[in-house]
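Participant: what's the 3D shape of this:
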Amino acid sequence: MAAISIFKDIGVALKDTGGAASDYQSVISHLESLLLILQEIEALRSTQQDLSYINAICGQAQVSHETVKAFAQKIARYEKDLGVNARRGFRHGAISKTKWATTVAGKVAKLRQTIESQTIGLKLLLDLHGQ
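Facilitator: Reported below is the predicted structural model:
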């Protein structure tokens with residue numbers, strides 16, 4: 001049964017639309033947006049009154065930023081085969097598409113969980129600062 005599921009995942013991954021390439025491009029877009037947001041948060045300036053909150057907020061944003069940046073660097077090697085300028089077609093980038101679907105997609109899910117938990121902490125700090 002597991003083998004059937006893997007073959008199904010690979011079949012979906014090889015499609016040009018809705019497959020591994022689309023998933024990769026969506027992940028990259030999300031990571032780039034997240035990095036920009038985190039950079040803005042890291043650039044917050046503090047006054048003497050809110051120094052501890054701003055330092056905590058910036059620190060948490062920096063941790064998240066480093067996590068996202070490291071992951072983006074790891075998956076950058078897929079750009080050639082899965083990026084927006086990649087050649088299209090079933091056989092182009094088949095190995096990368098298969099690898100993305102069978103291994104990297106799971107790592108993306110774990111990253112999302114990590115970032116979500118970090119974001120909860122960041123949101124809590126921002127909410128406390130806003131009070």
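
Participant: So, low pLDDT: which residues of the protein?
Facilitator: For the chain, the stretches with pLDDT under 70 are 1-18, 88-92, 131.

Participant: tell me the contacts of the residue nearest the centre of the chain?
Facilitator: Taking C-alpha atoms, centre = their mean, the centroid of the chain lies closest to residue 31, which sits 4.2 Å from it. Residue 31 makes contacts with 68, 71-72, as judged by C-beta atoms under 8 Å, 6 or more residues apart in numbering. For every residue, glycine as well, the C-beta is placed using N, CA and C.

Participant: again, only this time at 10 Å
Facilitator: 68-69, 71-72, 75, 108, 111, 115 (C-beta atoms under 10 Å, 6 or more residues apart in numbering).

Participant: Then residue 76?
Facilitator: 28, 83.

Participant: residues of whichever strand or helix holds residue 32 that come out buried?
Facilitator: In the assignment (DSSP states H and E), residue 32 maps to helix 20-42. Neighbour-count burial for helix 20-42 flags 20-21, 23-24, 27-28, 31, 34, 37-38, 41 (criterion: 16 or more other C-beta atoms under 10 Å).

Participant: could you pull out the helices for this structure?
Facilitator: All helices of the chain, identified by DSSP state H, fall at 2-13, 20-42, 51-75, 79-82, 94-99, 105-130.

Participant: For the residue nearest to the centre of the chain, give its distance to residue 74.
Facilitator: In this view, residue 31 and residue 74 are 11 Å apart by C-beta to C-beta, to the nearest Å.

Participant: Thanks a lot, catch you later.
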